[in-house]
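> A predicted structure for the sequence below; I have some questions about it.
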Amino acid sequence: MQRSTDFERSKSTIRITYHRRRNRHSSKEQRETNGIEYTAAVVRMGGQFRKDIAKWLEDEDEGDEKERGCVNAAASIPYKIPSDKQSAVIVQLMRRLSKVGCPYRMKNVE
């Protein structure tokens, strides 16, 4: 009787571990996909648009140092491509700025 219970408990633990690993793997893939999509969206914004945003941030004293740095990195495309994480910061910044009156809007990013 004890062996059967131990076996069932072990089987259950293995099943839980498997599902956790699978979920972690799926989450990682989703983050990678989002990062690629964010980078593509930032590149599609266009050079002048990125420069205008950088200037607007400076003029309006909006954004923190990290956000401004990411926008400045994006403004130097094609010489320097922002990383996926920098692109995610820019996308989040643009979402926030749309609520505070920024005249610039990013297209095709949900």
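Good, I have the coordinates. As the structure is a computational prediction, the values presented were derived from the model and not from experiment. Residues are numbered from 1 along each chain as shown.
> so what's Ser26 up against?
Contacts for Ser26 (Cβ atoms under 8 Å, 6 or more residues apart in numbering) come out as none. (Each C-beta comes from the backbone N, C-alpha and C, glycine too.)
> Now it: which helix or strand?
Following DSSP states H and E, one finds Ser26 within helix 2-44.
> immediately after that helix, which helix or strand?
helix 47-60.
> Can I get that next one in PDB, CA atoms only?
Provided in PDB are the C-alpha atoms of helix 47-60 (Å, rounded to 0.1, in the frame of the first residue of the first chain):
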ATOM      1  CA  GLY A  47      14.500  57.900 -38.300                       C
ATOM      2  CA  GLN A  48      12.900  61.400 -38.200                       C
ATOM      3  CA  PHE A  49      10.100  60.100 -36.000                       C
ATOM      4  CA  ARG A  50      12.600  58.700 -33.500                       C
ATOM      5  CA  LYS A  51      14.500  62.000 -33.500                       C
ATOM      6  CA  ASP A  52      11.300  64.000 -33.000                       C
ATOM      7  CA  ILE A  53      10.400  61.800 -30.000                       C
ATOM      8  CA  ALA A  54      13.900  62.300 -28.500                       C
ATOM      9  CA  LYS A  55      13.600  66.100 -29.000                       C
ATOM     10  CA  TRP A  56      10.100  66.100 -27.500                       C
ATOM     11  CA  LEU A  57      11.200  64.200 -24.500                       C
ATOM     12  CA  GLU A  58      13.900  66.700 -23.900                       C
ATOM     13  CA  ASP A  59      11.700  69.700 -24.500                       C
ATOM     14  CA  GLU A  60       8.900  68.500 -22.300                       C
END
